[in-house]
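Novice: generate a structure from the sequence data that follows.
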Amino acid sequence: MLRTITYLFIIVCHSGSQLLGQHGYWQQKVSYAIDFQLDVNSNKFQGKQQLSYTNHSPDTLRQAFFHLYLNAFQPGSDMDVRSRSIIDPDSRVGSRIAALKPDQVGRQEVSRLLVDGKKAEFVIEGTILEVKLPQPILPGKTAVFELDFQGQVPVQIRRTGRDNEEGIRYSMSQWYPKICAYDFYGWHANPYVGREFHGEWGDFNVKLTLQSDYVVAATGVLQNPEVVGYGYGGMNKKHNAGETLTWNFKAENVHDFVWAADPDFKHDVLKTQSGLELHFFYQSDSTTKPWADLPGYTAKAFDIMARDYGRYPYPVYSVIQGGDGGMEYPMATLITGRRSLKSLVGVTVHELIHSWFQGMLATNEALYPWMDEGFTSYASNDVMAELFPGSTGNPHHKSHESVAMLLNSGQAEPLTTHADHYQTNFCYGVNSYSKGEMLLDQLGYVMGPDLLRVGMKRYFESWKFKHPTPVDFMRIMEKQSGLELDWFFEYFLNTTYAVDYAVRAVREVENKAQVEIARTLPFPMPVELEVELKNGDKMNFYIPLDLMRGLRPFAKGEAVKVLPDWHWVQNSYRVDLPVRVQNIERVRLNPGGNMADLEKGNNVMDASTIKQKPWEDYEGK
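Specialist: Next up is the predicted model:
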């Protein structure tokens, strides 16, 4: 099938090879070995890192960049200025960074950097370490970076830090010098302003040394439980006061590493029937009773995700109390823990589902946050509906309401907006979560929910442990549905257009009823029409969109008459009915409410409102 893709959409996806899905795909490979020592009395640290970096790109690399995220937590940093200048700052940040004292700030410095044993020149620019390579890294070659780094853990403000509002001593995310991602766009050396992440796939061997009375939870599998005295019920070995211990964790084929530590962590473990070990770390008091029920719900959620999307391949997953809400990382999450049972389950379910849509389908979140947050929100609502049955209706309709609120606010921006550069947090949040969820829901409306489910599993199996783009996802869904879907993604991603269809009139022409439907907003969609007769009978019609080059499948026994295509350039469409107007009780568009129609009040015309004006009076209205 010949394809037409707009110039704008090609620019969004940047690379012609990406338009072909998996053809010509490559990604870099990393391997980290980190020795990290933390003094819990001063909150200062020092570390040594060896990074093996394999250049699988066709490019010769003459420079490299690392993230130093902790430097964001200093007065005057990009994150501080951004938070205080944006229209609607995140309440967790606000002006808190500007008020930090010297012993509260975050700091990350590099004192030595070698590449293949040769000294490299470097400069630190806020949260980015810029490295001039002593010799180029040729395509197919591997270079070894050696770094000595040191600094201070900040007071917990956003995602990482110490002493969060629930009293967890350390929530250590974004804590090590992390090489920036390099892909077909080039380097992604984005200054950290509190938004999204992108990282290279690789292996981690991490040794964490700190005071012996702390319990440590982390990405990966603990290698030395007999040394640290770490048992499934928590610490079961006494250590001398002031003694330090080294915890060794390994994780394979992940793109980040998180850890947390607290002397009061309680540790529970549930091993599922599939062999997955679920670990739970939390402070036990009267406010954390729901944690006793959390393991069972978590296990069920993993089973549902494995059934509907694909198998979780890692041996462990840890739910860790910490952070400032809920944040996903490979093989682990940080969540605040003083919640009701449903809230605790809800945040855990959402974060563990990120294991699929960010942990294994590692899209560039800065460019496509909706492919992570939106898809995760979609799956989360389905899983929660199964874990807590009783609710009726489409579990994704709230996303329609959120997007409608954004559109009506006048603050809407396209989904193609870079996560760091949204003008409001409001738009960023609705776009990333709700509009991303609505995109999947509306894709199911266009291609059929059953094909969407199969397509999502196909997407996971095709692109796990890679970095898919919107075009990669679109091509999977086109192959699965047999439809042309570029129009759908162009409107959804590149515009802020909305969907709205209306019943314009019902009129009798030559002793038969005729219905006129109008598209009142630019976003074209296939349309469903229901005609209810006064005798109780119903007639159902489906109007495909010409741009689809096909139509969705219908369920067995579903009585639907398929009408000729609605050409997208036409703003109105007429349906001839085999009945008289006087026999019609009601005409209804979108009878199941499955299309995200912005104005539902114009979808229905009943016997009391059917108009009798000549057709000419409606032309051009």
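
Novice: N394 reaches G593, doesn't it?
Specialist: Yes: using C-beta atoms under 8 Å, N394 is in contact with G593, at 7.0 Å. No exception for glycine: its C-beta is placed from N, CA and C like everyone else's.

Novice: compare these two (neighbour count), which wins?
Specialist: N394 (17 against 14; other C-beta atoms under 10 Å).

Novice: and the pLDDT at the more buried one?
Specialist: Reported pLDDT at N394 in the predicted model: 89.

Novice: which SS class is it?
Specialist: The three-state label given to N394 by DSSP: H, G, I helix; E, B strand; the rest coil is coil.

Novice: ramachandran angles for it?
Specialist: Note on N394: its backbone torsions stand at phi -70, psi 120 [degrees, to the nearest 10].

Novice: could you tell me the end-to-end distance of stretch 258-266?
Specialist: Taking C-alpha to C-alpha, to the nearest Å as the measure, stretch 258-266 stretches 18 Å from start to finish.

Novice: also stretch 154-163?
Specialist: End-to-end distance of stretch 154-163 (C-alpha to C-alpha): 9 Å.

Novice: same question, stretch 242-260
Specialist: Span of stretch 242-260 from end to end, C-alpha to C-alpha: 19 Å.

Novice: likewise for stretch 535-554?
Specialist: The first and final residues of stretch 535-554 sit 26 Å from each other (C-alpha to C-alpha).

Novice: for stretch 153-170, same thing?
Specialist: One end of stretch 153-170 sits 8 Å from the other (C-alpha to C-alpha).

Novice: next, the buried residues of that stretch.
Specialist: By neighbour count with 16 or more other C-beta atoms under 10 Å, stretch 153-170 contains the buried residues 153-164, 166, 168-170.

Novice: domain ranges for the protein, per the record?
Specialist: With domains defined by automatic domain parsing, the chain comprises 26-195, 213-221+230-361, 387-494, 501-618.

Novice: tell me which of those lies nearest to G374.
Specialist: In terms of C-beta to C-beta, the element of those nearest to G374 is domain 387-494, at 1.3 Å.

Novice: if you skip the residues just before and after it, what's nearest to E532?
Specialist: If the residues on either side of it in the chain are set aside, E532 comes closest to R586, at 4.3 Å by C-beta to C-beta, 6 or more residues apart in numbering.

Novice: wait, a strand at that neighbour?
Specialist: Yes: judged by three-state DSSP, R586 forms part of a strand.

Novice: quick one: it and T609 touch, right?
Specialist: No: applying C-beta under 8 Å as the test, R586 and T609 come out as separate, 9.6 Å apart.

Novice: more neighbours: those two, which one.
Specialist: Higher neighbour count among R586 and T609: R586, with 20 against 11, using other C-beta under 10 Å.

Novice: next up, the contacts around the more buried one.
Specialist: Contacts here follow C-beta atoms under 8 Å, 6 or more residues apart in numbering; on that basis R586 touches E530, V531, E532, V604, M605, D606, A607.

Novice: just the buried subset of the residues you listed, please.
Specialist: Among those, the ones that count as buried by 16+ other C-beta under 10 Å are E530, V531, E532, V604, M605.

Novice: now render these as a markdown table, adding distance to N364 and pLDDT.
Specialist: Shown next, in a markdown table, are the buried ones among the contacts of R586 (distance: C-beta to C-beta, whole Å; pLDDT from 0 to 100):
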| residue | distance to N364 | pLDDT |
| --- | --- | --- |
| E530 | 42 | 97 |
| V531 | 47 | 97 |
| E532 | 48 | 97 |
| V604 | 43 | 95 |
| M605 | 46 | 94 |
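
Novice: among those, which are located in strands?
Specialist: Among those, the residues falling in strands (DSSP state E) are E530, V531, E532, V604, M605.

Novice: out of the residues you listed, flag the one nearest to G429.
Specialist: Among those, V604 lies closest to G429 (C-beta to C-beta), at 32.1 Å.

Novice: in JSON lines, list the ones in strands among the buried ones among the contacts of R586 along with distance to L210.
Specialist: Below are these laid out as JSON lines (distance: C-beta to C-beta, whole Å):
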{"residue": "E530", "distance to L210": "65"}
{"residue": "V531", "distance to L210": "71"}
{"residue": "E532", "distance to L210": "69"}
{"residue": "V604", "distance to L210": "65"}
{"residue": "M605", "distance to L210": "70"}
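
Novice: which secondary structure element contains the residue nearest to S31 when sequence neighbours are not counted?
Specialist: Leaving aside its chain neighbours, S31 sits nearest to S52 (4.1 Å; criterion: C-beta to C-beta, 6+ apart). Using DSSP states H and E, S52 sits within strand 44-54.

Novice: point out where the chain drops to low pLDDT.
Specialist: Residue ranges of the chain with pLDDT under 70: 1-23, 230-241, 611-621.

Novice: which of the domains of the chain sits closest to L367?
Specialist: Evaluated over the domains of the chain, closeness to L367 peaks at domain 387-494, with 6.3 Å, by C-beta to C-beta.

Novice: still on that earlier bit, E373 is nearest to which of the domains of the chain?
Specialist: Of all those, domain 387-494 sits nearest to E373, with 4.3 Å by C-beta to C-beta.

Novice: so how far is the closest one off the chain centroid?
Specialist: Here domain 387-494 shows a centroid-to-chain-centroid distance of 10 Å under the convention C-alpha atoms, centre = their mean, to the nearest Å.

Novice: repeat for stretch 294-312
Specialist: Distance, stretch centre to chain centre, for stretch 294-312: 18 Å (C-alpha atoms, centre = their mean).

Novice: in it, what's buried?
Specialist: Within stretch 294-312, the residues scored as buried using 16+ other C-beta under 10 Å are 294-295, 297-305, 308-310, 312.

Novice: again, but for stretch 443-454
Specialist: When neighbours are counted by 16+ other C-beta under 10 Å, the buried residues of stretch 443-454 are found to be L443, G444, Y445, V446, M447, G448, L451, L452.

Novice: wait, the second one touches L452, no?
Specialist: Yes: the pair G444 and L452 passes the contact test of C-beta under 8 Å, sitting 4.0 Å apart.

Novice: give me the element I320 is part of.
Specialist: Under the criterion of DSSP H and E, I320 resides in strand 316-321.

Novice: tell me the strands beside that strand, with direction?
Specialist: Strand 316-321 has its sheet partners listed here by DSSP bridges as strand 277-283 (parallel), strand 332-335 (parallel).

Novice: can you list the strands that whatever helix or strand comes next after that strand pairs with?
Specialist: Once strand 316-321 ends, the next helix or strand along the chain (criterion: DSSP H and E) is strand 326-329. Take DSSP bridges as the rule and strand 326-329 pairs in its sheet with strand 332-335 (antiparallel).

Novice: chain center to the partner strand: distance?
Specialist: Offset of strand 332-335 from its chain centre (C-alpha atoms, centre = their mean): 15 Å.

Novice: next one: stretch 301-320
Specialist: Chain-centre distance of stretch 301-320: 16 Å, with C-alpha atoms, centre = their mean.

Novice: ends of it, what's the gap?
Specialist: End-to-end distance of stretch 301-320: 17 Å, with C-alpha to C-alpha as the criterion.

Novice: helices along the stretch 201-350 of the chain, start to end?
Specialist: Counting by DSSP state H, counting those that start in this stretch, one finds helices in the stretch 201-350 of the chain at the ranges 225-228, 294-308, 341-357.

Novice: ranges for the helices of the stretch 51-200 of the chain?
Specialist: With DSSP H, counting those that start in this stretch as the criterion, the stretch 51-200 of the chain has helices at 78-85.

Novice: check the stretch 451-600 of the chain too.
Specialist: Taking DSSP H, counting those that start in this stretch as the criterion, the stretch 451-600 of the chain carries its helices at 470-481, 486-494.

Novice: how about those helices in CSV, adding distance to F73 and mean neighbour count?
Specialist: Listed next are the helices of the stretch 451-600 of the chain as CSV, based on distance: least, C-beta to C-beta, whole Å; neighbours: other C-beta atoms under 10 Å:
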stretch, distance to F73, mean neighbour count
helix 470-481, 33, 21
helix 486-494, 33, 20
